[in-house]
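Chemist: I would like to see how this sequence folds:
(chains A and B)
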Amino acid sequence: MGKELFYYFVYPGFLFIAITGGILSWYDRKITAWLQFRKGPPFLQPFYDFLKLLLVKETILPAKGSKMTFLLAPVLSVTGAMLAGILIMVPATGIDTGFTGDIIVIFYLLTIPSLTYIIGALASGNPLAAVGASREMKLIISYELTFLLAVAAVIMKAGLSISMLDIIALQQDGAFIGSISGILLFVVIILTMQAKLGMVPFDMAEAETEITHGSFIEYSGSAYALIKLTKYIMLFILPVFLCILLLGGFRLDGIHILWSVLKVLGIVLLLTIIRNTNPRVKIAQAMRFFFIWMNLIAIIAIVLILFGF
Amino acid sequence: MNTDFADSGINLFILMAGLLPLAAGLLFLFIPDRFRLFKGIFSLLIATISLCGAGLLFRNTNLPLNSNLLDCLGQDHPETGNMPGNAKSFFSLYIDNLAVLVMLFISIFTFLILIYTLAYAHKRKRLPQFFSLVLLTSGSSMLAVLSDNMILFIAFWGFLGLTLYKIISPDDEASSAAAKKTLILIGASDGIMIMGMAIIWHISGRIDMSLMELPTDSTLSITAFVCLAIGAFTKAGAFPFHSWIPDYTEAAPAPASAYLPASLDKLLGIYFLARICNEIFVLNDWLRLIILILGVTTIIIAVMMALIQHNYKKLLGYHAVSQVGYMVTGIGLGSVLGIAGGLFHMVNHALYKSGLFLVAGSIKTQTDQDKLEKLGGLSRQMPLTFFAALVFALSISGVPPLNGFASKWMIYQGIVDFGHGESLASQLWIVWLALAVIGSALTLASFIKFISGVFLGRQKQELKKAREVSWLMWMPQIILAIICIGFGVFASGWVIPKLFSPVVGEVKFIGFWNSSLISLLILISLILGILTYLIFSVSRFRADDIFLGGETGKEEAGFSSTEFYETIRNFELLKPVYRAAEKKWFDIYDLSKGFVLKISHLFSAAHNGILSNLAFWVLAGLIFMFIFLLL
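Modeler: Okay, the predicted model is just below:
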């Protein structure tokens, strides 16, 4: 039990994921700054942000909303993200522990952060938050099917195994991305991740310029710090999940460590570039984009897998 | 002999669990409703005895399998008795683990619903004869589950249709229409079932269900299967025979909805489906394909309808349909994993859905509102109901680590595992998986609407007076919520091996989910999160009005949760479908009603009341009969 707690809270769990996620958040902001010809924040900025919110800022609760639900939602979002994180990181780092979770469990756990944002937003009683929450929910409906089709396609490639370790093991001779269907799936999953992370062009749930941060409008202080933490965690574990699904996972020996780091950095770079070169779309456009186009690509990929490409 | 002793124990348990409520229910019908409290308390007592009986039966590890209802009544020498011929064989029972499991849950639900109704019936003056009807339903469903003889089975099963009709207690046009619709659909399906049974008798010469294993290779046996499946589908409420459920739940009092369409009808319908798919018939690949198609169609169309509802009881009713799809899919897979998942989902669904209907009843008694847009912000006044509702809502949406997730996860694994097969249905596994998962996301969406519409958001001025319900009403809700959590937390370690493995055989997962460890971590994380608040920032908490960009937050400035999914309704692909659905184009009841009315119009056009025309018809009839007789 003690060993499990260490894995969960220190390495490769909470502490490791949160710190790496914070660094990735800095990386994302720095790249964004370069793309916009700015200097960008210092290396520790994400941690300053987090600690300031947690330790210094006051937390304002909605007087007419459901305060308990409002406060517990961020806690649950961190919990959900962390559980998904540990189940992704343990196979990724090759540690043999009691943490076992298959791909379907991870798929479900990855929805929890978005769900808790919605519940927290609605608990505040703010109409702008409600607009954000309804958009977030519609976004979930839109990308969930696409994400599932992509995951199912990977399961199919892995010979109907839903174990993460099997999927990694099968890619030792060649990652799944080295095929036409693999490339299509990569595109689909990257765009789904963009929506899952709430990044432009799919940031309509928090659209700063329109509904002033939508779902998170009422959050401040320590509660918002936890939401920020969730975002850091998600920014790390989603790229790792993609690495496992299509890029053959990680190897943590010798020169392979460098490749592993580069894989994650490359994926985050891609996400950052997409978010900096696109405008925000409307929710109906996003729904059409996922329902029709992304699903179509995913289905094409599945058909290609059936024919062995 | 030793076995005699064991048998008499079993017989006593059956007497306690099944026959006692039936007899008491009949007796109570003759006691006027003025003694409601007396009837309520005695019903509860009988339900407790019945629960004990079912529990003891469940704990009994060496079930005798074959038994007889008459033995339970104490007729132990039928050969010398005054029974004509082999009449005793019409009362044969088949007591296996599945039947006993279903009985246990029937008695649990009866018990909880009766507790709830004690307070509910006190508040609301309608519900005539509710207690006796509940007892009658409980007794006859248990005996239906135990029956081996098909005629005995259909007798109890048909009786359930009657109690379902009576329990709605119609008092206005809408509820009488719903009651009539229910009676017609259920009655018609019962009639079709009798035909199926007649065909089985014709094929096999047997009238007891156990160990039949008819192959579905001839037209006759497939027809028989379809007939019986229609009965199971109508009872459970699967597409296309689902349409009575939303109407029923909208009109019926909430405890009645919680008791029948939400829990007992699911238990019975899916129980019977499991029986016919696995024991009475051996399905061929095409029938499997059709069952899977119907399963996923049920999931999707019902949840799509639930998304756009404004009446929360009707929303729950559509979910009572949608969830059936998962059970049908699980059982249709036919593997141990799939059947175990389907049965587990059946139990889970009964738990959270009857809980949700109890919540709906509580909301209705405290606010007297039917529409979501009239409600809001109740979480502060009704914290216990809110907690229970949240657990149920997350559970039905399949959020880990609750029970709804555990059973869905098993069904998904079953689907992936099913993909190893060669048949067309197996090759399409990805379709079943995708539709089942998207159904779960849509369920989440509509429950966000329910939870936020009723409990979250800003407090409404006119709801200021609403208070928490009495302990008799919140206790059943909380018990159900705790069972939901418990079944989720101990799913892989205790619930599946202890409750479902005896029924379906050893369940071998292909996935990994250590529910207890993960739940423990969730608990630790929650405590740490709350500690974070308490240590770092509770001193800097401050309550203030919401921020609306400088505007003052007015009452009418809200964003009603009913408007959440207008985008989906207006989505160009779905718009015509929704419009057709609202015109009831897909409702088998309205379709067949239209058809029958058309034909009767045809006949009534002939009878226009003019004497010469009538004389002509009489003459034509005579000539026709004359010719017929001559030939």
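Chemist: show me what contacts whichever residue of chain A sits closest to chain B?
Modeler: Proximity of chain A to chain B (C-beta to the nearest C-beta) peaks at A:V75, 3.1 Å away. For the C-beta atoms, the positions are set from N, CA and C on the backbone; glycine is no exception. Taking C-beta atoms under 8 Å, 6 or more residues apart in numbering or on different chains, we find A:V75 in contact with A:L226, B:S525, B:L526, B:G529, B:I530, B:T532, B:Y533.
Chemist: could you rerun that using 10 Å?
Modeler: For A:V75, the contacting residues are A:116, A:120, A:223, A:226, A:230, B:525-530, B:532-533, by C-beta atoms under 10 Å, 6 or more residues apart in numbering or on different chains.
Chemist: ok, which stretches of the stretch 501-631 of chain B are strands?
Modeler: Ranges of strands within the stretch 501-631 of chain B are B:541-544, based on DSSP state E, counting those that start in this stretch.
Chemist: quick check, the residue in it closest to chain A?
Modeler: B:G529 (3.1 Å).
Chemist: for that residue, which residues are in contact?
Modeler: A:L71, A:L72, A:P74, A:V75, A:L76, A:S77, A:V78, A:T79, A:S222, A:A223, A:L226.
Chemist: now do it against A:I233, distance only.
Modeler: Here the criterion is C-beta to C-beta, to the nearest Å. By it, B:G529 lies 14 Å from A:I233.
Chemist: so which residues of the stretch 151-300 of chain A form strands?
Modeler: Under DSSP E, counting those that start in this stretch, the stretch 151-300 of chain A gives no strands.
Chemist: so which residues on it come close to chain B?
Modeler: Within the stretch 151-300 of chain A, the positions adjacent to chain B are A:151-153, A:155-156, A:159-165, A:211-213, A:217-218, A:220-223, A:225-226, A:282-284, A:286-288, A:291-292, A:295, A:298-299 by C-beta under 10 Å from any C-beta of the partner chain.
Chemist: isn't B:G191 up against B:W157?
Modeler: No - the pair B:G191 and B:W157 does not pass the contact test of C-beta atoms under 10 Å, sitting 11.7 Å apart.
Chemist: pick out whichever of the two has more residues nearby.
Modeler: B:W157 (25 against 14; other C-beta atoms under 10 Å in any protein chain shown).
Chemist: is it true that that one touches B:M142?
Modeler: No - with contact defined as C-beta under 10 Å, B:W157 does not reach B:M142; the gap is 11.9 Å.
Chemist: give me the common contacts of those two.
Modeler: B:L268.
Chemist: who's in contact with B:F109?
Modeler: Going by C-beta under 10 Å, 6+ apart, B:F109 touches B:47, B:51, B:134, B:138, B:141, B:258-260, B:262-264, B:267, B:350-351, B:354, B:476, B:480.
Chemist: and if we set it to 8 Å?
Modeler: B:F109 neighbours (C-beta under 8 Å, 6+ apart): B:Y259, B:S263, B:L264, B:A350, B:S354.
Chemist: do A:K157 as well
Modeler: A:L170, A:F176, A:S181, A:G182, A:I305.
Chemist: mind running it again at 7 Å?
Modeler: Contacts of A:K157 were listed using C-beta atoms under 7 Å, 6 or more residues apart in numbering or on different chains, and they are A:F176, A:I305.
Chemist: name the helices or strands packed onto the one helix or strand A:A123 maps to?
Modeler: Assigned by DSSP states H and E, A:A123 belongs to helix A:112-124. Judged by 3 or more C-beta pairs under 7 Å, 6 or more residues apart in numbering or on different chains; DSSP states H and E, the packing partners of helix A:112-124 are helix A:67-93, helix A:127-157, helix B:429-454.
Chemist: what's stretch A:185-195 in contact with?
Modeler: Here stretch A:185-195 has contacts from A:139, A:143, A:146-147, A:150, A:153-154, A:177, A:202, A:238, A:242, A:245-246, A:270-271, A:274-275, A:294, A:297-298, A:301, using C-beta under 7 Å, 6+ apart.
Chemist: check which residues of it are buried.
Modeler: By neighbour count with 16 or more other C-beta atoms under 10 Å in any protein chain shown, stretch A:185-195 contains the buried residues A:L185, A:F186, A:V188, A:I189, A:I190, A:L191, A:T192, A:M193, A:Q194, A:A195.
Chemist: okay, that stretch in CSV with CA atoms only?
Modeler: The C-alpha trace of stretch A:185-195 is given here as CSV (Å, rounded to 0.1, in the frame of the first residue of the first chain):
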residue,chain,number,x,y,z
LEU,A,185,-5.6,8.8,-36.4
PHE,A,186,-2.9,11.1,-35.2
VAL,A,187,-4.6,14.0,-36.9
VAL,A,188,-7.9,13.1,-35.3
ILE,A,189,-6.5,12.6,-31.8
ILE,A,190,-4.5,15.8,-31.9
LEU,A,191,-7.6,17.8,-32.8
THR,A,192,-9.7,16.0,-30.1
MET,A,193,-7.0,16.8,-27.6
GLN,A,194,-7.2,20.4,-28.6
ALA,A,195,-10.9,20.3,-27.7
